[in-house]
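**Student:** Mind looking at a prediction? Sequence and model below.
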Amino acid sequence: MMSLKMKSYVLLSLFGILTLLIAIHQFSPSIGVATNSVQTDINYESRYAGLDIEFVSKHSEDYTTSISKPVTSSQKVNEKIEAWLTEQEEQFLEDVHKLKSSGTLDVQANLNIQLETNPLAEQQYHLLFHVYQFMGGANGQESLHSLTVDVASGKLITIEQILDTNHVQFTDIHTLLVNALIEEGIDDIYQEELSTTMNNPSLWTWTTNEEGLTLHFDEYEIAAGSNGPIHVTLPFDEISDYIKDDWKRVWELVEETPTESEEQAEDEHHSTDVHEPDQIIKEKEEQDPPQEDILFEPNQLEKDGKYIALTFDDGPHPRITPQILETLESFDARATFYMLGTQVDFYPELAIEVALSGHEIGNHTMNHMNMTTLNREQLVRELADTTSMIEEVIGITPTTMRPPYGIYNQQVVDVSTELNLAIVNWSVDSEDWRSREVGAIKEMVFKDAANGRIVLFHDIHQATADALPAVMEQLQAEGYQFVTVSELLELEQSNLDIGPHSRRVIE
Ligand code: ZN
């Protein structure tokens with residue numbers, strides 16, 4: 001554990017004073033709020049240098065929303081992202097309200113915005129948002145939105161900066177695309193819609209990878225719906241005439257005969273800066289403790305003991321989770337963390353730290369979808385990908401899972417059983433996400449706290465970290481011992497789930 005902390009300090013010094021200042025600013029408690037929160041000076045870097053992710057989820061009788069928001073060090077870029085996300089959410093809530101008032105909302109509507117991060121160059125990322133919306137009917141709707149950011153300069157990168165859209169033969173790119181579509185077996189193309197999009201590069205949803213430029217089209221956007229969303233990659237060598245020189249160099253499309261000193265500089269550049277995210281991961285792999293160090297071993301509990309299991313969902317969060325770890329440590333307590341695959345991807349070091357501190361890691365799916373809206377294949381992916389990610393990053397295999405919003409159906413039970421995951425909900429809801437207030441959180445916990453119960457918190461809210469010391473102090477005073485979910489399950493002789501549930505099960 002010390003070595004990891006040490007490593008964090010090393011990373012901290014690597015990333016410099018600016019990061020430290022930001023961290024100090026973030027760790028400061030809100031003005032005017034009396035807290036007994038645990039402040040920590042450990043700073044967990046994101047795997048994507050300069051880019052963080054924040055997850056927010058809400059639910060009511062009528063809807064559920066889950067949004068992954070990228071956060072950069074540039075206020076201007078953040079405002080742009082925030083404005084777009086807010087617009088998506090408001091439009092969704094308005095639609096839900098309309099359906100509700102006309103009496104035609106017959107499901108719990110769902111909005112899920114996922115972030116796919118593709119590095120472009122050093123501190124430059126394509127942010128591809130996958131928006132899933134479910135308002136009833138057989139299928140949900142998926143749409144895509146892309147932004148390309150340079151987090152170092154705090155600016156967005158537009159397609160016009162990469163391609164010379166004024167090139168006399170630029171319209172040829174349209175023909176290239178049509179050929180690529182036909183090659184992929186898509187022949188029922190809506191020619192007019194495709195022309196409109198191709199003539200307006202600012203409307204493109206685009207990303208790049210090592211091979212080329214990928215254009216993304218929503219379902220029904222340029223072809224019959226049976227094709228689903230369409231992704232076409234135009235290889236760089238086919239479009240190199242339109243690529244501006246700076247970017248030709250990035251993708252090594254120009255043949256240069258560098259002088260010796262340039263060659264050397266280039267080599268040094270590659271070995272230090274360009275592969276930074278990979279380097280962090282590599283470093284982690286090299287320094288990974290042997291698996292037996294973090295193998296989670298449930299303790300055997302006494303039949304007549306007084307136990308309570310604290311659970312923390314939707315993390316790990318670089319600022320909140322470390323505070324919660326410190327509080328748990330000060331009570332010598334074990335808890336269970338239901339982690340999201342996307343968060344583990346961004347904060348591998350922190351995910352390892354949670355496990356090294358002796359806590360149980362549970363599977364909370366990859367993207368926090370309402371699982372009852374997924375088909376079997378999607379469901380398997382959401383759970384299996386998360387288990388694989390936890391295995392690869394942390395080196396343990398989760399044995400329990402918590403469905404997002406606590407909502408599941410028979411298909412979820414079947415798939416979870418196949419994947420050796422026990423479904424675990426909760427019996428005490430702190431409603432921390434709703435109140436985000438220390439007093440209210442305490443009140444909700446003690447309203448329902450009892451022997452053998454499972455308490456739901458989220459390690460993504462400051463109020464949760466602030467409330468935890470007082471909550472644990474009182475629970476301890478009442479004679480509770482803090483245990484993990486698996487320890488409770490073992491005591492309850494492996495019940496597949498422990499009730500009563502605060503969410504309904506969809507049959
Ligand atoms: Zn959740």
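**Tutor:** All right, it came through fine.
**Student:** Pull up the gap between the closest residue to Asn367 other than its chain neighbours and the ion, please.
**Tutor:** Excluding its sequence neighbours, the residue lying closest to Asn367 (CB to CB, 6 or more residues apart in numbering) is Gln114, at 4.8 Å. For glycine as for every other residue, the C-beta is placed from the backbone atoms N, C-alpha and C. The gap separating Gln114 from the ion is 14 Å, by CB to the ion, to the nearest Å.
**Student:** Average pLDDT for the host helix or strand of Gln114, rounded please.
**Tutor:** If you go by DSSP states H and E, Gln114 is part of strand 109-121. Across strand 109-121, the average pLDDT comes to 94.
**Student:** Direction included, what does it pair against?
**Tutor:** If you go by DSSP bridges, strand 109-121 pairs up with strand 63-72 (parallel), strand 124-134 (antiparallel).
**Student:** picking up where we left off before, from what I see, the residue nearest to Asn367 and Phe129 are in contact.
**Tutor:** Yes. Using CB atoms under 8 Å, Gln114 is in contact with Phe129, at 7.1 Å.
**Student:** Among these two, which residue is more densely surrounded?
**Tutor:** Between Gln114 and Phe129, Phe129 has the larger neighbour count (other CB atoms under 10 Å), namely 22 against 17.
**Student:** List the contacts of that one.
**Tutor:** By CB atoms under 8 Å, 6 or more residues apart in numbering, the contact list for Phe129 reads 113-116, 144-147.
**Student:** State the distance from the residue nearest to the spatial centre of the chain to the ion.
**Tutor:** Nearest to the mean C-alpha position of the chain, counting by CA atoms, centre = their mean, stands Thr342 at 3.1 Å. According to CB to the ion, Thr342 and the ion sit 12 Å apart.
**Student:** how about the CA coordinates for the helix or strand that residue falls within, as PDB?
**Tutor:** Here Thr342, judged by DSSP H and E, is contained in helix 341-346. The C-alpha coordinates for helix 341-346 follow below in PDB (Å, rounded to 0.1, in the frame of the first residue of the first chain):
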ATOM      1  CA  GLY A 341     -15.900  -0.100 -16.100                       C
ATOM      2  CA  THR A 342     -15.500   3.400 -17.600                       C
ATOM      3  CA  GLN A 343     -14.300   4.800 -14.300                       C
ATOM      4  CA  VAL A 344     -11.800   2.000 -13.800                       C
ATOM      5  CA  ASP A 345     -10.500   2.700 -17.300                       C
ATOM      6  CA  PHE A 346      -9.800   6.300 -16.300                       C
END
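**Student:** for that helix, packing partners?
**Tutor:** Applying 3 or more CB pairs under 8 Å, 6 or more residues apart in numbering; DSSP states H and E, we find helix 341-346 packed against strand 51-59, helix 376-393.
**Student:** What residues of the shortest one count as buried?
**Tutor:** Right, the one you point to is strand 51-59. 51-57, 59 (16 or more other CB atoms under 10 Å).
**Student:** ditto for stretch 137-155
**Tutor:** Buried, per 16+ other CB under 10 Å, within stretch 137-155: 140, 143-151.
**Student:** just those: which has the poorest pLDDT?
**Tutor:** Comparing these by pLDDT, Gly140 comes last, at 79.
**Student:** nearest residue to that residue other than its sequence neighbours?
**Tutor:** What sits nearest to Gly140 in space, not counting adjacent residues and going by CB to CB, 6+ apart, is Phe134, at 3.7 Å.
**Student:** Would you agree that neighbour is in contact with Leu105?
**Tutor:** No. Using CB under 8 Å, Phe134 makes no contact with Leu105, being 11.5 Å away.
**Student:** Between these two, tell me which one has more neighbours.
**Tutor:** Phe134 (22 against 19).
**Student:** Around Met198, how many other residues sit close by?
**Tutor:** Met198 has 20 nearby residues by other CB under 10 Å.
**Student:** quick one, what contacts it?
**Tutor:** So Met198 contacts 171, 173-174, 177 (CB under 8 Å, 6+ apart).
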